[in-house]
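Make a model of this:
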Amino acid sequence: MSDKRTVYADNAATTPVTPSVIEAMTPYFGEIWGNPSGLYESGRRAARALHEARETIAVALGCRENEVYFTSGGTEADNWAIKGYARANGERGRHIVASAIEHHAVLNSLKSLEREGFSFDLAVPDENGFISPESVKRLIRHDTVLVCCMAANNEIGTIQPVKEIAVIAHAAGCGFFTDAVQAAGAMKTDVSDIGCDMLSISGHKLGAPKGIGALYIKSGTKIYPLIDGGAQERGMRAGTENVPYAAGLARAVSDAAKAAEDGSEIKRIAAMRDRLAEGLAEIPYTRINGGMENRLPGNLNMSFEYVEGESLMLLLDMAGIAVSAGSACTSRSPRPSHVLKAIGVPDRLIRSSIRFSLGSMNTDDDVDIIIRETTDIVRRLRDLSPEYERLKREGQAL
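Below you'll find the predicted structure:
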């Protein structure tokens, strides 16, 4: 057995299931195993558990219990919000506005709707990844039916002005949807404060298992179901409900809401992130992608010039450090990050980018290890780089 310490720094991709979530789920794998649609006792107990989970999430999101719908995760929730709303409201208009840095679950849903006669325009962020409300307003047309803007970006962590964008969307008679998958575990997410019509969350980003999420749909919002079948989720989302995972999601959302209210853990994570940024910035020819203001507390995306990001990621893994080269959902795609391209990062720096995302399980010792190992690996990789060798010959290498 290796005694090498493992440092997990890819919390934006997924998080470990917390002990409190496992505790909340356990009864529904054994004692309370019935189908919540059943009229017998075990079914009624499961139905009560589902109702309680929905209530807990509603309290955390600041909405009513009947406005929370369970899904298989953030991707399904994003697809449902966009396709379901567009199809249900197509007579009002067939144009959608979104940001250019949305998750592919949003962008590919928009492309799918194009095949049904819809069109869309994308608001471009500034160099820090910030979507200005004015840039959204300029794209809204007379036939715009929906505006989409994520609450916080998954690759560079930029927190977006969704409250202001919601006001602009509603003033133009449009619906407003926000993907809060990254934001929900790291900041307060109150739908009444945001003013959104729909909001998506995903369990595995905040300490619940993979395969469970939720979509908030404001009462009165016209939306078609995405999955047809039985009458589950008040006839809006067919399929036997995943009771244990719903209970786990409720506990995770509740725990995250309490942490956001308290603020101390978020400040601790942000302080570690800042120290990591300062330490890695000591490496020559590096840059932080996105601004450090209005950024998710654990997110740090950096480019290390004259180094291939994939090589750096793999060598960090060999050193016991788990990071990613961008969004986990596109890690096997050869295409450069659409987010980094949108904020103007040159292709050579996109190829050298790494996302570090810290969470509650990380410590100051982890930060020290990441700084030490990254500095050493970057030096070794640059020693193999012809471009960096040329810089050394010309006396420009630092």
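
going forward, measure contacts and count neighbours with C-alpha atoms only.
OK.

nearest spatial neighbour of residue 87, skipping sequence neighbours?
Leaving out its chain neighbours, the residue that sits closest to residue 87 by Cα to Cα, 6 or more residues apart in numbering is residue 224, at 6.8 Å.

Residue 74 too?
Nearest to residue 74 is residue 202, by Cα to Cα, 6+ apart, at 4.6 Å.

burial of that neighbour, as a residue count?
32 (other Cα atoms under 10 Å).

So what sits opposite it in the bridge?
residue 213 (DSSP bridges).

Show the pLDDT at it.
pLDDT, residue 202: 98.

what about it, distance to residue 339?
Note on residue 202: its distance to residue 339, by Cα to Cα, to the nearest Å, is 20 Å.

Check residue 166 too.
On the measure of Cα to Cα, residue 166 and residue 339 end up 22 Å apart.

And the residue nearest the centre of this structure?
Among the residues of the chain, the one closest to the centroid is residue 182, at 2.9 Å (Cα atoms, centre = their mean).

chain center to the helix or strand encompassing residue 276, what's the gap?
Secondary structure assignment for residue 276, by DSSP states H and E: helix 264-280. Chain-centre distance of helix 264-280: 19 Å, with Cα atoms, centre = their mean, to the nearest Å.

Can you name the residues in contact with that helix?
Contacts to helix 264-280, defined as Cα atoms under 8 Å, 6 or more residues apart in numbering, come from residues 186, 259-260, 286, 288, 296-300, 358-360, 363-364, 367-368, 370-371, 374-375.

How about stretch 58-75?
54-55, 57, 77, 105, 179, 181, 189-192, 200-203, 210-219, 233, 237, 241, 246, 253-254, 257.

So for that stretch, what gets flagged as buried?
58-61, 63-75 (16 or more other Cα atoms under 10 Å).

now, which of those lie within strands?
68, 69, 70, 71 (DSSP state E).

In JSON lines: those, plus pLDDT and distance to residue 273.
Shown next, in JSON lines, are these (pLDDT from 0 to 100; distance: Cα to Cα, whole Å):
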{"residue": "68", "pLDDT": "98", "distance to residue 273": "33"}
{"residue": "69", "pLDDT": "98", "distance to residue 273": "34"}
{"residue": "70", "pLDDT": "98", "distance to residue 273": "32"}
{"residue": "71", "pLDDT": "98", "distance to residue 273": "32"}
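
Tell me how many other residues crowd residue 368.
For residue 368, the neighbour count with other Cα under 10 Å is 15.

could you say what helices and strands the helix or strand encompassing it packs with?
In the assignment (DSSP H and E), residue 368 maps to helix 364-383. When contacts are defined as 3 or more Cα pairs under 8 Å, 6 or more residues apart in numbering; DSSP states H and E, helix 364-383 packs onto helix 264-280, helix 309-318, helix 386-393.

Distance from the chain centre to the second one, please.
In this case it means helix 309-318. The answer for helix 309-318 is 23 Å, by Cα atoms, centre = their mean.

now swap in the shortest one and tell me
Put simply, helix 386-393 sits 38 Å off its chain's centre (Cα atoms, centre = their mean).

Now do the closest residue to residue 321 other than its chain neighbours, the pLDDT please.
Nearest residue to residue 321 in three dimensions, chain neighbours excluded: residue 7, at 4.7 Å (Cα to Cα, 6+ apart). Listed pLDDT for residue 7 reads 98.

Ok, residue 397 next?
Taking residue 397 on its own, its pLDDT is 63.

Let me see the backbone angles for the closest residue to residue 127 other than its chain neighbours.
With Cα to Cα, 6+ apart as the criterion, residue 127 has its nearest non-adjacent residue at 4.5 Å, and that residue is residue 343. Per-residue torsions, residue 343: phi -90, psi 10 (degrees, to the nearest 10).

How about residue 6?
The phi/psi pair for residue 6 (degrees, to the nearest 10) is phi -100, psi 130.

out of everything not next to it in sequence, what's closest to it?
Going by Cα to Cα, 6+ apart, residue 6 has residue 320 as its nearest residue, at 4.6 Å.

The contacts of stretch 58-75 in helices, which ones?
54, 55, 57, 77, 105, 191, 192, 246, 253, 254, 257 (DSSP state H).

what's the farthest-apart pair in those residues?
Greatest spacing in the ones in helices among the contacts of stretch 58-75, by Cα to Cα: 55 and 105 (26.8 Å).

Against residue 336, how distant is the spatially closest residue to residue 54 that is not a sequence neighbour?
Using Cα to Cα, 6+ apart and skipping residues adjacent in sequence, the residue nearest residue 54 is residue 65, 5.7 Å away. From residue 65 over to residue 336 the distance is 41 Å, taken as Cα to Cα.

Okay, buried residues for stretch 297-316 please.
Of the residues in stretch 297-316, those buried (16+ other Cα under 10 Å) are 297-310, 312-316.

and the end-to-end length of it?
Start-to-end, stretch 297-316 (Cα to Cα) is 22 Å.

Stretch 187-196 now?
Termini of stretch 187-196 sit 16 Å apart (Cα to Cα).

buried ones in that stretch?
For stretch 187-196, a neighbour-count test (16+ other Cα under 10 Å) marks 187, 188, 189, 190, 191, 194, 195, 196 as buried.

Run a quick check on residue 130 versus residue 156, I expect a contact.
No: with contact defined as Cα atoms under 8 Å, residue 130 does not count as touching residue 156 (10.2 Å).
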